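In: Mind looking at a prediction? Sequence and model below.
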Amino acid sequence: MRTFVGALLLVAVAPAQAAPKIETIASGLDHPWSLAFLPDGGVLVTERSGKLSLIAAGKAPAPISGVPAVYAKSQGGLFDVLLDPEFAANRMLYLSYAAGVPGANFTRIARARLDGTALRDVKVIFQVAPAKDTPVHFGGRMAMLADGTLVMTTGDGFDRREQAQRLQSGLGKIVRIRRDGGIPADNPFAKTPGAQASIWSYGHRNPQGLAYDAASGRLYAHEHGPKGGDEVNIIVRGGNYGWPIATKGLDYSGATISPFKTYKGMIDGVVVWVPSIAPSGLAVVRGAMWPAWQGDLIVGALASQELRRIDLDAGGAVVSQERIFPSIKARVRDVRTAPDGAIWVTTDEASGKVLRISQ
C-alpha cells in the first residue's frame, strides 16, 4: 500500500467550490470534544469536563442531566457521543469517557436513553482493561458499522506502548462490540486463547479520529504519532498497524523508538505526517454541498491548528492533501458532516466553539 508523507504533499490548488460560510453556533464551551446530530435538527455536544448539552436553533446550549461521572484530568474526561442506528425509535445513545482514579483509570462506554434534557437507564457496557496510571492516551472515538456493531479506539496509555502489540491487553486497540456490550462471535481474536475477544485491530498509539464510510464500506482512523509519525489508516479486521515496532516518529526526547519505519505483516498508514500535526476529528464528505470533494476525508489538527482535506480517488487511494478554510486558526478537536452536508467542527479551548461551515 502506498504511503504519502503529509509534509511533502501539501498542495495549494483545490477543486472549485463556492466561498464557504462559517457560522459560530455555540461558544464558551469547556473543550468541546464531540458532536452528534439529532433527527429533529438538534445537536448534542460533549465537553471534556463532563458536560453534555443540547444545541437547538437560536438557543443557548441546554445541559443534559444524568451524565455518568468522568475522570477529568489532563486528556481525560467526557469524549464521544454516538447515536444508536434506531435512535428515532428508541432514543438510545452511547458515551465514551475516562473513568477511575489517578492510579487506575480506563476508557468506558455507557449506553443511555435521551429523555428530553435528561439521560435515563444509564448502563456501562464496556470498559478497557487493564487500568492504567496515566491521565493521557485514552482514545475514545466511536463509530457504528453497517452491521450495527460499535467500534471504539483505545490509546496505549503513553507509558505502556508495548501493550499495543499484546492481544491480552485492551490498550492501543480498536475494539468492536455489540450495542448491548456483548462481543461479536466473528471478531478476529474471539477464539484466540488469552486474547481479548473485543479486539478488532491493534498496534495503535492514540487514535483520535474514526469514521465509517457506508458508501465505500471503509473504516478510516487516524492516530497521533510521537514526535512525527501521525497516521491515517484504513482499518481492516485483525490488522496490525505497527506501533511501537514500526513508526516514522521519534521519542519526544529525540531518541529512536524503533529501527523500523515499516515491518513485514504490519499495515502502513496511507498518510503519514512528519512533523506531527496532532490530528483530531475525522469525517468523510458525502452529499451535494461539496460536489468536488465526494468521498474525501476532512481532518482536524490540534498542533498545526487547521483543517485538512485528504483527496481520495474512486478506489480510495490518496491523491493529495491541502489546508482548507484557512480563516479557522484554532486547535480543532472534532470534525463532523451533518445530514445536510455541512461541515461542523469544535475548537479545543477553555472557551471553545462549535462552528458550521456551508456553501
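Out: Received, thanks. Numbering: from 1, shown residues only.

In: CA atoms for contacts and neighbours, from now on please.
Out: OK.

In: top strand in this structure by residue count?
Out: Using DSSP state E, we find that the single longest strand of the chain is strand 104-115.

In: what's that strand packed up against?
Out: Secondary-structure packing of strand 104-115 (3 or more CA pairs under 8 Å, 6 or more residues apart in numbering; DSSP states H and E): strand 92-101, strand 118-127.

In: Next, the residues that contact the first one from outside, please.
Out: Under the criterion CA atoms under 8 Å, 6 or more residues apart in numbering, residues 69-72, 76-84, 86-87, 105-114, 138, 140-142 lie in contact with strand 92-101.

In: that's a helix at Ala89, yeah?
Out: Yes: assessed with DSSP: H, G, I helix; E, B strand; the rest coil, Ala89 lies in a helix.

In: What's the separation between it and Leu114?
Out: To Leu114, Ala89 is 11 Å away according to CA to CA, to the nearest Å.

In: Based on its surroundings, how many neighbours for Ser216?
Out: Neighbour count for Ser216, taken as other CA atoms under 10 Å: 11.

In: Just the pLDDT at it, thanks.
Out: Listed pLDDT for Ser216 reads 97.

In: what bridges to Pro32?
Out: For Pro32, the beta-bridge partners are Glu47 (DSSP bridges).

In: same thing with Ser65?
Out: Beta-bridge partners for Ser65, by DSSP bridges, are Ala118.

In: Share the number of residues neighbouring the closest residue to Pro207 other than its chain neighbours, please.
Out: Spatial nearest neighbour of Pro207, excluding adjacent residues (CA to CA, 6 or more residues apart in numbering): Glu223 at 3.7 Å. If you count neighbours by other CA under 10 Å, Glu223 ends up with 26.

In: Could I get the contacting residues of Glu223?
Out: Applying CA under 8 Å, 6+ apart, the residues contacting Glu223 are 204-209, 230-232, 278-280.

In: at 7 Å instead, please
Out: If you count contacts by CA atoms under 7 Å, 6 or more residues apart in numbering, Glu223 has them with 205-209, 230-232, 279.

In: Show me where the stretch 251-359 of the chain dips below the pLDDT cut-off.
Out: Counting by pLDDT under 70, the stretch 251-359 of the chain contains no low-confidence range.

In: how about the strands in it?
Out: 271-273, 279-284, 297-301, 306-312, 318-324, 332-337, 343-347, 352-358 (DSSP state E, counting those that start in this stretch).

In: Serialize those to CSV and add fields for distance to Asp156 and mean neighbour count.
Out: Shown next, in CSV, are the strands of the stretch 251-359 of the chain (distance: least, CA to CA, whole Å; neighbours: other CA atoms under 10 Å):
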stretch, distance to Asp156, mean neighbour count
strand 271-273, 19, 25
strand 279-284, 16, 28
strand 297-301, 20, 26
strand 306-312, 25, 22
strand 318-324, 27, 17
strand 332-337, 19, 26
strand 343-347, 24, 26
strand 352-358, 27, 20
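
In: Looking at those strands, which is nearest to Asp133?
Out: Across these, Asp133 has its closest neighbour in strand 279-284 (23.2 Å, CA to CA).

In: Note down every partner strand of the closest one and its orientation.
Out: Take DSSP bridges as the rule and strand 279-284 pairs in its sheet with strand 297-301 (antiparallel).

In: For the partner strand, C-alpha coordinates in PDB please.
Out: Presented in PDB, the C-alpha positions along strand 297-301 are these (Å, rounded to 0.1, in the frame of the first residue of the first chain):
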ATOM      1  CA  LEU A 297     -11.600  12.900   4.300                       C
ATOM      2  CA  ILE A 298     -11.600  16.100   6.400                       C
ATOM      3  CA  VAL A 299      -9.100  16.000   9.300                       C
ATOM      4  CA  GLY A 300      -8.800  18.500  12.200                       C
ATOM      5  CA  ALA A 301      -5.400  19.300  13.700                       C
END
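
In: Buried residues of the longest strand of the chain, list them for me.
Out: Of the residues in strand 104-115, 105-114 count as buried by neighbour count, 16 or more other CA atoms under 10 Å.

In: circling back to that earlier point, cross-reference the contacts of Glu223 with the strands and report the matches.
Out: 207-209, 230-232, 279.

In: from the residues you listed, which two are the most distant?
Out: Using CA to CA, the two most remote members of the ones in strands among the contacts of Glu223 are Gly209 and Asp230, lying 11.4 Å apart.

In: most centrally placed residue in the protein?
Out: Gly209 (2.6 Å; CA atoms, centre = their mean).

In: follow-up on the earlier one: so which of the helices and strands packed on strand 104-115 gets nearest Gly254?
Out: strand 92-101 (29.5 Å).

In: Just want the angle from the closest one to strand 104-115.
Out: Angle, strand 92-101 to strand 104-115, by axes from the mean of the first three to the mean of the last three CA atoms, to 10 degrees: 150 degrees.

In: What pairs with strand 92-101, parallel or antiparallel?
Out: Take DSSP bridges as the rule and strand 92-101 pairs in its sheet with strand 78-83 (antiparallel), strand 104-115 (antiparallel).

In: will you turn those strands into CSV that also has mean pLDDT?
Out: Formatted as CSV, the strands paired with strand 92-101 follow (pLDDT from 0 to 100):
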stretch, mean pLDDT
strand 78-83, 98
strand 104-115, 98
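
In: Mind putting these into CSV with distance to Pro244?
Out: Shown next, in CSV, are the strands paired with strand 92-101 (distance: least, CA to CA, whole Å):
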stretch, distance to Pro244
strand 78-83, 25
strand 104-115, 20
